[in-house]
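Novice: let's see this in three dimensions:
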Amino acid sequence: MRLFLEAKHDAGGKTRSGLGGFGRATLSLALLLPIATAPLSAEKSEFYDDNDSYWARFLPSVNPALDKDLSVDVAVVGGGYTGLSTAYHIKKTNPRKTVAIFEAKRVGNGASGRNGGLVLAQSYTEGGMTMGKNGAHHREIYDATVKSMKRLKELAESTGIDPEFTLNGQCLGIFSAGNLEAGREYAEAARKRGMPIEFWDRDKARSMLGSPGLLGAVYDPNGGSVNSGKLVAALKELAEDAGVVIYENSPVEGWEANETVTLSILAGGKEFEVSAKSVVIAANAYAAATLGFLAKDIVPAHTQVAVTAPLTDAQYKAIGWKDCLSWYDDQYAGTDQDATFHMMMTKDHRILIGGGSVQYNEDDGLLYPGDLKAIESQIRKRIGELYPALRNIRIERTWDGIICETKSKNERIGVTGKYRNVYYAVGYNGGQGVNMSFLAGELVSKLYNGEKHFMLGLFN
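Specialist: Modelled structure (predicted):
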């Protein structure tokens, strides 16, 4: 997600953005892609924590770890949405090739099983109701991502698992008067390009989203929400039904890319070697610290999400939030930084709300260094501001997850290495990750198959 006001400055002059305080200045970096690393000596506990989010209860059962040396055609490192999608697409289009996923913990342990559940159109670079750096392709990216979310819903539901997709649209709620004109201008520009974007005035915005402080909203009828844990379960089933083999609790401790890629995997206290003709790096925020991959560009960022107790019928009626529309606000000045909040309503009328204080972790580890109780207090305060009838709502759980910001602010999808056998998709940067990660898996498979797609030219 991205807001109209591209950059703000705090009292110290530090650039912040509307989403969690990230500066939006695009950096011109000469980014070198390392294609070999030495084995890691650190214990995996320094990098991987357990998923204790609300979504964790919906994750699928855990597969056995790797227990032998192995040779495969394609080794996928990471069992989140990107890894599952990539493995599925490569195997479906190459049924005779062996494809295996190696996941450090369990599938969906990272951002795929901890996110805010929003399904949004666009990529990060074009998201948040803005014409971004790829504005010439704004409509094309919109169409591709809308097509992707609908295909994802259809494929996931074909497994017999109900991921609780609600694709009835999503909104940017405007609370700052300074963003109203930008909202109108974006809606008008988008409609001129044939996109079904609407600008809602104050009365329409309040009648649909219920929050009394709204001054307007920008509505996109494409997008919505999903049960993130059930979506992981559905993608895992799709991949395995296609013939993908998934090893969990099998972290890659080191790798070397030559004509054959060699992975060193520590599982069950033993070290095993995997040889692969090609490897896909789908570890997202973990790729830099654990694999040394794209280390000059990847910046892991901790984001927090909370879930409330189910609303009573009286509470649900009182707030006037219609049709469970997913939405996010344009800014929040209640902390020392402007930070957007994103919200969805679950099937049983719990509010999932996240955002606010987005925190970098500047040490070598990936474990959350902050105070979840402080985050919970901030989120509870924001819920009360948005919906006064819910000032005393009980928050059942607050959790942390890591998204993959990139210093370049670009999604990174491509292939590298002397033998052009190291594929990757990382760096979704913001709220579009649920949908973009699935599409990224399809794009990597197109690269692998030698096919073309206009988005590969934008993100490679």
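
Novice: only C-alpha atoms from now on, for both contacts and neighbour counts.
Specialist: Will do.

Novice: show me where the stretch 1-150 of the chain has strands.
Specialist: Per DSSP state E, counting those that start in this stretch, the stretch 1-150 of the chain carries strands over the ranges 8-9, 15-16, 36-37, 70-77, 99-102, 118-120.

Novice: most packed of these?
Specialist: Burial among these, expressed as mean neighbours by mean count of other Cα atoms under 10 Å, is greatest for strand 118-120, which shows a mean of 29.

Novice: and that strand, how far out from the chain middle?
Specialist: Between the centre of strand 118-120 and the centre of its chain there are 9 Å (Cα atoms, centre = their mean, to the nearest Å).

Novice: same check, this time on stretch 177-186
Specialist: Taking the mean of its C-alpha atoms, stretch 177-186 sits 26 Å from the chain's own mean (Cα atoms, centre = their mean).

Novice: pLDDT below threshold where in the stretch 251-400 of the chain?
Specialist: Confidence mapping of the stretch 251-400 of the chain against pLDDT under 70 gives the ranges 331-339, 357-365.

Novice: the longest helix anywhere in the chain packs against which elements?
Specialist: With DSSP state H setting the assignment, residue counts place helix 138-157 as the longest helix in the chain. With contacts taken as 3 or more Cα pairs under 8 Å, 6 or more residues apart in numbering; DSSP states H and E, helix 138-157 sits against helix 228-242, helix 433-448.

Novice: change it to 10 Å
Specialist: On a contact count with 3 or more Cα pairs under 10 Å, 6 or more residues apart in numbering; DSSP states H and E, helix 138-157 meets strand 118-120, helix 180-192, strand 223-225, helix 228-242, helix 433-448, helix 454-459.

Novice: mind listing what's buried in that helix?
Specialist: For helix 138-157, burial by neighbour count (16 or more other Cα atoms under 10 Å) applies to 138-142, 144-146, 148-150, 152-153, 156-157.

Novice: helix or strand right after it?
Specialist: Sequence order places strand 170-174 as the next helix or strand after helix 138-157, per DSSP states H and E.

Novice: CA atoms only: put that next one into PDB for me.
Specialist: Only the C-alpha atoms of strand 170-174 are listed here, as PDB (Å, rounded to 0.1, in the frame of the first residue of the first chain):
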ATOM      1  CA  GLN A 170     -11.000  -2.400  -1.100                       C
ATOM      2  CA  CYS A 171     -10.800   1.200   0.000                       C
ATOM      3  CA  LEU A 172      -8.300   3.900   0.900                       C
ATOM      4  CA  GLY A 173     -10.000   5.900   3.600                       C
ATOM      5  CA  ILE A 174      -9.100   9.600   3.600                       C
END
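
Novice: now it: average pLDDT?
Specialist: Strand 170-174 comes out with an average pLDDT of 96.

Novice: equivalent analysis for stretch 401-417, please.
Specialist: The pLDDT scores in stretch 401-417 average 90.

Novice: swap in stretch 61-73?
Specialist: Stretch 61-73 shows a mean pLDDT of 98.

Novice: contacts for that stretch, please.
Specialist: Applying Cα atoms under 10 Å, 6 or more residues apart in numbering, the external contacts of stretch 61-73 come out as 96-100, 102-107, 233, 245-251, 260-268, 270-279.

Novice: so among these, which ones count as buried?
Specialist: The neighbour-count test (16+ other Cα under 10 Å) marks 98-100, 102-107, 233, 245-251, 260-267, 271-279 as buried among these.

Novice: which of those fall within helices?
Specialist: If you go by DSSP H, the buried ones among the contacts of stretch 61-73 have Ala233 in helices.

Novice: which of the buried ones among the contacts of stretch 61-73 fall within strands?
Specialist: Under the assignment DSSP state E, the buried ones among the contacts of stretch 61-73 contribute 99-100, 102, 245-247, 261-267, 271-279 to strands.

Novice: which parts of the stretch 301-450 of the chain are strands?
Specialist: Secondary structure of the stretch 301-450 of the chain (DSSP E, counting those that start in this stretch): strands at 326-329, 341-345, 351-355, 359-360, 395-406, 412-416, 422-426.
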